[in-house]
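>>> Sequence first, predicted model second:
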Amino acid sequence: MLGDYLPILLFIFVATVIGIALLVIGWALGPKRPESEKLSPYECGFEAFDDARMRFDVRYYLVAILFIIFDLEIAFLFPWAVVFKEIGLGSIVAMAIFLGILVIGFIYEWKKGALEWE
């Protein structure tokens, strides 16, 4: 029975060896020219700042949350598109209602100015 798992273990071993080898080769052959720009922390679109309690504009996060919401809703279209030829009229109507609600939500956010960036 353990012989059935040998190809899987061999695959895991080879993948691990290749992954470690690529990391070591990249580290050994890669350029080592550290600069202050490369070593500075990146603060998600903002210039690095010292005080963690500093006030900043929250609209960046609102747009990001809206993007995630609409992106996740669009992900529901993929399974529907795969079985489009096999589903009946009821499923097509349900998806049309879903897309209608999605468009209404998008128009609402647009009219409220949530997508405006100054």
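Thanks, I have it.
>>> And the strands in the protein?
Under the criterion DSSP state E, the chain contains no strands.
>>> got any ranges where it has weak pLDDT?
Across the chain, the ranges flagged by pLDDT under 70 are 41-52, 54, 56, 118.
>>> ok, the residue lying closest to Leu77 once chain neighbours are set aside to Val103 distance?
Nearest non-adjacent residue to Leu77, counting by C-beta to C-beta, 6 or more residues apart in numbering: Met95, 7.6 Å away. Glycine gets a C-beta too; all of them are placed from N, C-alpha and C. Going from Met95 to Val103 by C-beta to C-beta, to the nearest Å gives 12 Å.
>>> Which residue would you name as the spatial centre of this structure?
For the chain, the residue nearest the mean C-alpha position is Ile68 (8.4 Å; C-alpha atoms, centre = their mean).
>>> Roughly how far does that residue sit from Tyr108?
From Ile68 to Tyr108 the distance is 17 Å (C-beta to C-beta).
>>> show me what contacts Phe76?
Contacts of Phe76 were listed using C-beta atoms under 8 Å, 6 or more residues apart in numbering, and they are Phe98.
>>> Next, give phi and psi for it.
Main-chain torsions, Phe76, degrees, to the nearest 10: phi -70, psi -10.
>>> Any figure for the gap between it and Met95?
Where Met95 is concerned, Phe76 sits at a distance of 9 Å (C-beta to C-beta).
>>> same thing with Arg53?
46 Å.
>>> The two: which is more packed in?
Met95 (16 against 4; other C-beta atoms under 10 Å).
>>> Looks like that one contacts Pro79 (just checking).
No - between Met95 and Pro79 there is no contact under C-beta atoms under 8 Å: 10.4 Å.
>>> what do these two both touch?
Common neighbours of Met95 and Pro79 (C-beta under 8 Å, 6+ apart) do not exist.
>>> separation between Ala28 and Ser36?
Remark: distance between Ala28 and Ser36 (C-beta to C-beta) = 24 Å.
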